[in-house]
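*Asks:* curious how this folds, go ahead:
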Amino acid sequence: MKRIKFRTYFLSGLLIISLFLTISCTQNEQDADAYGNFEAHEIIVPSQSTGILNSFTLNEGDLVKKGEMIGFVDTTRLILQKKLLYAQINTINTKYAGIRAEISVMKAEKSNLIREKKRFEKLLADGAATSKQMDDINGNLMVLNKKIDAVRSQLLSILAEKNVVTVNIDLVNDQIVKSIILNPESGTVLEKYLEQYEIVVPGKPLYKLADLNNMILKAYISEPQLSEVELQQKVNVIIDGINGEKIRFDGIVSWISSEAEFTPKIIQTREERVNLVYAIKVRVKNDGRIKIGMPGEVMFLER
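*Replies:* Numbering: from 1, shown residues only. As a prediction, this is how the structure comes out:
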């Protein structure tokens, strides 16, 4: 009889302990304050030039640094175009020098006419020259001044033409620089859209890049929870590990939506019947265990 009572007490004790542990675990694993999925800051890097990809050995999964040279587009056509423009510059310079020489000759002729005019003015005062001779000299001087002005206008036109060609050279140089593919930000190559020796045009995507060291958890909260959240607030971010293990990360709230939206189908908030929620973004430092699209939970810390 005593054995039966002891066994009954023992089993009852085990049941109570088991129930206590279950309640304790349930309390410790309380519902999260917000749920969402991880995303990263992604950039699709486009081509800025037209031609054949002479070099593009990038692979998906590569870690690339900001400013690193990824490849380059063929610049043969641009180099030839640049040589043609420099030939035009040389032609313009020759024409410019010829007109300057022509103006110098006209100025010398004008100086002679001015000296002749002064001489005839003295002769006219002494009665040794006629008024017609003076009129002829003044007329020749007037015609010569008009010729000089006309030639000078040609000079200005040539200078304007040279400026246009110079600007075109700058444009070609800019296209040559843009033929070199430089990585805009440090990150990991997620997708590669083209292969070496394929033809590209400006705006055509080359590869997708993302910073996987700094992930963003986009989660959703209800309106009553807005009072619990503020920018730069520290929170706990939780992901599922092996065998149901909960892995915690430190996170910082970096964005709070100012407008409500309907609850996404994949998201469940603390109040399941709430139709409208507010999106928030939590910045998390990734140690390699967080992947794009992975679900995550947010726990607000006491402020």
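*Asks:* in three-state terms, label the closest residue in space to E259 that isn't next to it in sequence for me.
*Replies:* Using CB to CB, 6 or more residues apart in numbering and skipping residues adjacent in sequence, the residue nearest E259 is Y278, 7.7 Å away. Bear in mind the C-beta positions are built from the backbone N, C-alpha and C, glycine included. Three-state call for Y278 (DSSP: H, G, I helix; E, B strand; the rest coil): strand.
*Asks:* then the one 4 residues further on?
*Replies:* Remark: V282 carries the secondary structure label strand [criterion: three-state DSSP].
*Asks:* go on, K66?
*Replies:* Secondary structure, three-state DSSP: K66 is coil.
*Asks:* hmm, E42 and M215 touching each other?
*Replies:* No. Counting by CB atoms under 8 Å, M215 does not reach E42; the two are 11.5 Å apart.
*Asks:* mind checking which of the two has more residues around it?
*Replies:* Shown here are M215 and E42; by other CB atoms under 10 Å, M215 has more neighbours (24 against 13).
*Asks:* please name the residues that touch the more buried one.
*Replies:* Contacts for M215 were tallied using CB atoms under 8 Å, 6 or more residues apart in numbering; they are 38-40, 283-286, 290, 292.
*Asks:* list only buried entries from those residues.
*Replies:* Neighbour-count burial (16 or more other CB atoms under 10 Å) is assigned, among these, to 38, 40, 283-284, 290.
*Asks:* now those residues as TSV including pLDDT and distance to T130?
*Replies:* TSV is the format used below for the buried ones among the contacts of M215 (pLDDT from 0 to 100; distance: CB to CB, whole Å):
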residue	pLDDT	distance to T130
F38	97	103
A40	96	97
R283	97	98
V284	97	103
I290	95	105
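*Asks:* what kind of secondary structure is the residue positioned nearest the centre of the chain in?
*Replies:* A centroid search over the chain (CA atoms, centre = their mean) returns P184, at 7.0 Å, as the residue closest to the centre. Here P184 is coil, with the state taken from three-state DSSP.
*Asks:* surely it meets K66?
*Replies:* Yes. P184 lies in contact with K66 (CB under 8 Å); the separation is 6.8 Å.
*Asks:* first vs last residue of stretch 193-202, how far apart are they?
*Replies:* 14 Å (CA to CA, to the nearest Å).
*Asks:* now that stretch: buried residues?
*Replies:* Buried residues in stretch 193-202 (16+ other CB under 10 Å): 194, 200.
*Asks:* how near is the residue nearest to the centre of the chain to K208?
*Replies:* 12 Å (CB to CB, to the nearest Å).
*Asks:* mutual contacts of those two, please.
*Replies:* 43, 45.
*Asks:* what about S258, neighbour count?
*Replies:* When neighbours are defined as other CB under 10 Å, S258 has 7 of them.
*Asks:* again but with G71, I slipped
*Replies:* For G71, the neighbour count with other CB under 10 Å is 20.
*Asks:* checking it next. Helix, strand or coil?
*Replies:* Taking three-state DSSP, the label given to G71 is strand.
*Asks:* same question for the one 10 residues further on.
*Replies:* At Q81, secondary structure determined by three-state DSSP is helix.
*Asks:* host element of the residue lying closest to it once chain neighbours are set aside?
*Replies:* Distances taken as CB to CB, 6+ apart place V172 nearest to Q81, at 5.5 Å, with adjacent residues excluded. Assigning secondary structure by DSSP states H and E places V172 in helix 131-178.
*Asks:* that helix packs against which elements?
*Replies:* helix 76-126 (3 or more CB pairs under 8 Å, 6 or more residues apart in numbering; DSSP states H and E).
*Asks:* helices or strands up against the helix it packs on?
*Replies:* Using 3+ CB pairs under 8 Å, 6+ apart: helix 76-126 touches helix 131-178.
*Asks:* compute the inter-axis angle for the helix it packs on and helix 76-126.
*Replies:* If you take axes from the mean of the first three to the mean of the last three CA atoms, to 10 degrees, helix 131-178 sits at 160 degrees to helix 76-126.
*Asks:* average pLDDT across helix 131-178?
*Replies:* Averaged over helix 131-178, pLDDT sits at 89.
*Asks:* the helix holding V172: how far from the chain's middle?
*Replies:* For helix 131-178, the separation from the chain centroid amounts to 43 Å (computed by CA atoms, centre = their mean, to the nearest Å).
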